[in-house]
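Asks: build me a model:
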Amino acid sequence: MGRSTMPPALLELSNPSTPEAQLTALRNLKNDIVGHEQRKEHAVEHGVVKALALLLRTNTAKRRRGAHVSGLPVEDELRFQATLVVGSLAIGGPAFIPPLLAGQVVPPLLEALAPAETPPQLLAATLRALDQLVDAAARGTGDEDAITPHLYTRPVAARLAEILAQPAPASRLVHQQRSLAARLIAKTCREQAHRKLLLDQGVLDLLAAHMAAIAAADDPSKGKKHAEPSIHLADLLDAISAIVKDSHYNTARFVYSPHIQSLFAWPKGTSGTGGSWDRLIPRLQTLQSKSDPYTKSWPALGSFAENPMPPIQASSSRSAVSDESETPLFTWLMFAARRGEGRERLAACWLLALLKKFGERWSLGDPTKPTRERHFSYLVVPLVVKMIEEANAEKLNALDPADREEMNLLVERSPLVLAELVANNKTLQSAAVDAKILAVLVQVLKKSFEPITTSTKPLWQPKSSAPAVRDPLVDVASSTMGRPGLGADLVHAYKCRESALLALAAIADSQDPVRKTVIEMGGAPLIIDSLVPSYAAAIGVNSQSVIKSPAMPKLGNPESVLIAACKVTRSLSRSVSVLRTSLIDHGIAQPVFDLLTHPNLKVQIAATEVITNLVLEVSPMRTEIIEAGALATLCEHCRSANFDLRYGSLWALKHLCLGLPPHMRRKCLDTLGVGWLKQVLNGEPLSKAAPLGMGTPNAAGEQVDMLNAVDEPHMDLDEEPSSSEDESSMIDGIPSLRPLPRSGSRYTSATNIRDRLQQIKSDEQDVSLSSERDDIRIQEQALDFVRNFITEDKASGEMIDHLLNEFNRSEFFELLDSKLRPKGAAPPSSDPASQSTAGAGTTASSYWSPNSSRLSSFTQSAGATPQPNWAAYPATDLIIASLYILVHLANGRPSHRSLLISQTSLMQHILPLLTHPRRDVRLPCAWFVNNLVWEEDSSDAVPTRKRAQQLRALGFEEGVRALSRDIDLDVRERARTAVEQLGKLLSGDSRYTSPGGNTVVREGIGSGLGGFRGLGGSHQGR
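Replies: Numbers count the residues shown, from 1 in each chain. Below you'll find the model as predicted:
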């Protein structure tokens, strides 16, 4: 029995007789296609999409002419049923998205998002249909964001704000509309442009108001009162998280929104406590003692729920017990996470993780920040770990479809929440490891590679021997099915794989034992398999019916999984033992190198970050990667228009250059291009106008423009305590470096909040500021490349000569001088005679008084010349990088040391750096002087004594004597060696040779463990 060319319902919709008959046909069509994919496809091929779009547009026009009555008349019912049919078609999968878009179904749906014009029932159905369209598009192989551009326009954002702003008292349908609108935002808001649009329309403030209305019922000081239903809390929290994610300014707008400030303000008269809010979560206590300071050590979290905290007893060495309190907003979110289950708990933990990240970057001035790690370790991390364990232990086949969908969501997203929580926090990483989460994550990763088979067979359908004849009246574009896309099970497997990889990357970020544990649990082969790109689309495979077989062992991975796999590989490659054993045994180099030329730019960036660790001198894969052509590829990427790729490639080249034979280094420099390197080192001219947000400190701690505030949160800075009075006075006027304000001194007034928001906005959104900051970062990498280029095991000076010849000596030293002298200072004269004249007039008293001392501080005697204005100097990172180039230049031949001494202007600008507040600057200065006075052999005795005399004339003798009393041990010892050698040279005894002539490699860059991205040293991975 054959199939009719067009179902009766479609005939009626194409040629309607009466509105009532058309409504009946729509209902019959809806009932006919629900749950039947072939009938949906048959309906699309016969032009149902155009008919649906016509119904939606026609009734919109009628409504705008005033055809609105109470209830749902025929016109509204037609529109309602058409919307349901559109949603049913969208459930069919990605193949239905192209015809629906071509048929112009989405615009009338978006126009219906008007609470004042659209009946509540129809509005809710419209939001649900849009949500189903977004879900279907997300499973596509090339048009995942096909619906998003239609949503994020100013009119649509305004309509979403209208839905959220509907006045109280609200009906059940209105609450449902708000929840659906929030869910739509949570699923689609992924770019900064989207977030800005919603922020400008007031959506974030409205979401915060609804969240506060739900939280108000939990306020212990006010008792229970009427509030919004908490059943929609998960959608509200997810929408808030989507808007504030990756934006400190948006997060600040949420934290400082009026409703949040009003409800969660710190109670007046309290001292470091959250008042009544503290009753909602278990109380944590800290033992305080002068003789036994508190250290962060945690019991096994697996038994935390069963074993309550033991009572704390005071002892002779521990004299006080104090309660640890959290901010009210954090307290309520922890309470909501502990009280809720499923999506609500997940959403609360996700928002907590984002707020924690914001608090680490922009301190709210609350006294509970030091205790936050304890609260998260005890109260949040165990909840997330428990979610991951329970979601993976659940038997999905025994659940109904709705519960199965929620459980799949928990499996996909809970590892992402854990990754965000523990990122860059060793304490929380240890808490997760103690909870035994690594084995669970590896199991999730392993399970994602299991074969996926279809549970149902496709229904039989007749095949005509003659080719199908298409109705010429049917629009081709809206009646042609798209690509089938990915099956729901495969998409779920990919998401689980990505989240597990990201969680492993975050946990293994900083601890070598954790990396080894991941390898021992069998994670390495799974990570290697995750680095294989997807090729299903290229061979035209219908992934909905793919069965894993020996002929096709793997489908490969989408871009998101590849990026996650690169991140975990980068974390593991920070371990020397793992790098030299497990990773090379599993052949990690080739798949990572192949990703350097992947079509997706983000994948290239992620692969470049891994290559940076794989090309270090300690890496056994270095030769393999070089032979594969990494040098040419990285040099090409250095010219990319994308800053992140350009920056990462130069970082990798910096490591690759170190230790190469001279001919390979010359090839590297020639391929990269001296002209390009000069352009990068010179940088772009700085903006003359001072940007907004003044007061951000540079690395030295001065109040300057944010150009010096290089945003590298993973970089280890010098954390040694200093008792310097000058340091305290220097940062006294800097808001972000002042000590935490006293209890109750927070951003509460409108003026303070407005200033704070302006500072955060400027730091994040000022385009010129961001470009200047990026320019400093890449200049630093270029300087490090130059330093590694001239570094030699044997001080032959061959590479130094080559560099000076390629650059032009005067131009090269002027470039270095520009990184060391204060901004606005006159450049050195090109006339050597004038430099000598200037040098002759320089005496030690320029920077050092006879009684100056730096025994334990940076203070100077009353009659001494004031300290230089460090705010006028270039970024401190550039100063450090330039100084280490000079250290290595001074490690060359004696002629190179004499050449350096002759650069009088350069030497004059180095001298004040010996008093710099940061030991990272003072240490290379001490090494520099050490190398300058090193005697190569007996034939170098006279030139060395002459260099010592020139250093005394320039004032360096007094400078290193002051450094010999430095508070830092390393600086002090290097300076004492220089003082001893200078004394012997100047007294006529040249038999002593300083160990300072040994090759000096800047800690953390390009050698040893410090060269790894994220392992020790001063330069860590991003």
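Asks: so where is the stretch 501-650 of the chain shaky, pLDDT-wise?
Replies: 535-554 (pLDDT under 70).
Asks: mind running it again at 50?
Replies: Per-residue confidence for the stretch 501-650 of the chain (pLDDT under 50) gives these ranges: 536-553.
Asks: quick one: the helices in it?
Replies: For the stretch 501-650 of the chain, applying DSSP state H, counting those that start in this stretch gives helices covering 512-520, 523-530, 536-539, 559-572, 576-580, 582-585, 589-594, 601-614, 622-627, 630-637, 643-657.
Asks: and those helices: which comes nearest residue 478?
Replies: helix 536-539 (23.7 Å; C-beta to C-beta). For the C-beta atoms, the positions are set from N, CA and C on the backbone; glycine is no exception.
Asks: ok, residue 617 - how many residues close by?
Replies: For residue 617, the tally of surrounding residues (other C-beta atoms under 10 Å) stands at 14.
Asks: give the buried residues for the helix or strand where residue 28 lies.
Replies: Taking DSSP states H and E as the criterion, residue 28 maps to helix 19-33. Buried residues in helix 19-33, counted by 16 or more other C-beta atoms under 10 Å: 22, 23, 25, 26, 29, 30, 32, 33.
Asks: any idea how far residue 482 lies from residue 629?
Replies: Going from residue 482 to residue 629 by C-beta to C-beta, to the nearest Å gives 38 Å.
Asks: which one of these two is surrounded by more residues?
Replies: residue 482 (21 against 12).
Asks: pull the host helix or strand of residue 427 out as PDB, backbone CA atoms only.
Replies: Assigned by DSSP H and E, residue 427 belongs to helix 426-434. Extracted in PDB, the C-alpha atoms of helix 426-434 (Å, rounded to 0.1, in the frame of the first residue of the first chain):
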ATOM      1  CA  LYS A 426      46.200  24.200  45.200                       C
ATOM      2  CA  THR A 427      44.200  23.900  48.400                       C
ATOM      3  CA  LEU A 428      40.900  23.100  46.600                       C
ATOM      4  CA  GLN A 429      42.800  20.800  44.200                       C
ATOM      5  CA  SER A 430      44.000  18.800  47.100                       C
ATOM      6  CA  ALA A 431      40.500  18.700  48.600                       C
ATOM      7  CA  ALA A 432      39.200  17.200  45.300                       C
ATOM      8  CA  VAL A 433      42.000  14.600  45.300                       C
ATOM      9  CA  ASP A 434      41.300  13.700  48.900                       C
END
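Asks: next SSE downstream of that helix?
Replies: By DSSP H and E, the next helix or strand past helix 426-434 is helix 438-447.
Asks: need the contact partners of that next one.
Replies: When contacts are defined by C-beta atoms under 8 Å, 6 or more residues apart in numbering, helix 438-447 is touched by residues 385, 388-389, 392, 411, 415, 496-497, 499-501, 503-504, 507, 514, 517-518, 521-523, 526-527, 530.
Asks: what's the answer for stretch 46-57, then?
Replies: 5-7, 10, 13-14, 22, 26, 29, 78-79, 82-83, 85-86, 89, 99-100, 102-105, 108-109, 112, 471, 473-475, 478-479.
Asks: same check on stretch 210-223?
Replies: Against stretch 210-223 from outside (C-beta under 8 Å, 6+ apart): 164, 178, 224-230, 233, 236-237, 240, 259-260, 262-264, 275-277, 279-280, 332, 335-336.
Asks: sec struct for the closest residue to residue 956 other than its chain neighbours, please.
Replies: Nearest in space to residue 956, with sequence neighbours left out and distances taken as C-beta to C-beta, 6 or more residues apart in numbering, is residue 929 at 5.8 Å. Put simply, residue 929 is helix when judged by DSSP: H, G, I helix; E, B strand; the rest coil.
Asks: from residue 976, how far out is residue 929?
Replies: 11 Å.
Asks: how about residue 937?
Replies: Taking C-beta to C-beta, one finds residue 937 at 24 Å from residue 976.
Asks: so for these two, which sits in the more crowded spot?
Replies: residue 976 (17 against 9).
Asks: for burial, what's the neighbour tally of residue 279?
Replies: Neighbours around residue 279, by other C-beta under 10 Å: 12.
Asks: so the residue nearest to it when sequence neighbours are not counted is in which element?
Replies: Nearest residue to residue 279, sequence neighbours excluded (C-beta to C-beta, 6+ apart): residue 220, at 5.0 Å. Element membership for residue 220, per DSSP H and E: none, as it lies in no helix or strand.
Asks: re the thing from before, mind checking how far the helix holding residue 427 is from the chain centre?
Replies: Distance, stretch centre to chain centre, for helix 426-434: 20 Å (C-alpha atoms, centre = their mean, to the nearest Å).
Asks: which strands or helices does that helix pack on?
Replies: Packing partners of helix 426-434 (3 or more C-beta pairs under 8 Å, 6 or more residues apart in numbering; DSSP states H and E): helix 381-393, helix 401-422, helix 488-507, helix 512-520.
Asks: from the ones you listed, which stretch is densest packed?
Replies: helix 488-507 (a mean of 24; mean count of other C-beta atoms under 10 Å).
Asks: now tell me which helix or strand of this structure has the poorest mean pLDDT.
Replies: The weakest-scoring helix or strand in the chain, judged by mean pLDDT, DSSP states H and E, is helix 725-730 (a mean of 36).
Asks: what packs against the helix or strand just after it?
Replies: Per DSSP H and E, the first helix or strand lying C-terminal to helix 725-730 is helix 750-765. Where contact means 3+ C-beta pairs under 8 Å, 6+ apart, helix 750-765 is packed against helix 248-255.
Asks: and the contacts of stretch 46-57, which of them are buried?
Replies: 6-7, 10, 13-14, 22, 26, 29, 78-79, 82-83, 85-86, 89, 99-100, 102-105, 108-109, 112, 474, 478-479.
Asks: the residue nearest to the spatial centre of the chain in helix, strand or coil?
Replies: By C-alpha atoms, centre = their mean, the chain has its centre lying nearest to residue 246, at 7.1 Å. The three-state label given to residue 246 by three-state DSSP is coil.
Asks: sorry, back to before: in helices only, show me the contacts of stretch 210-223.
Replies: Applying DSSP state H to the contacts of stretch 210-223, the entries found in helices are 164, 178, 233, 236-237, 240, 259-260, 262-264, 332, 335-336.
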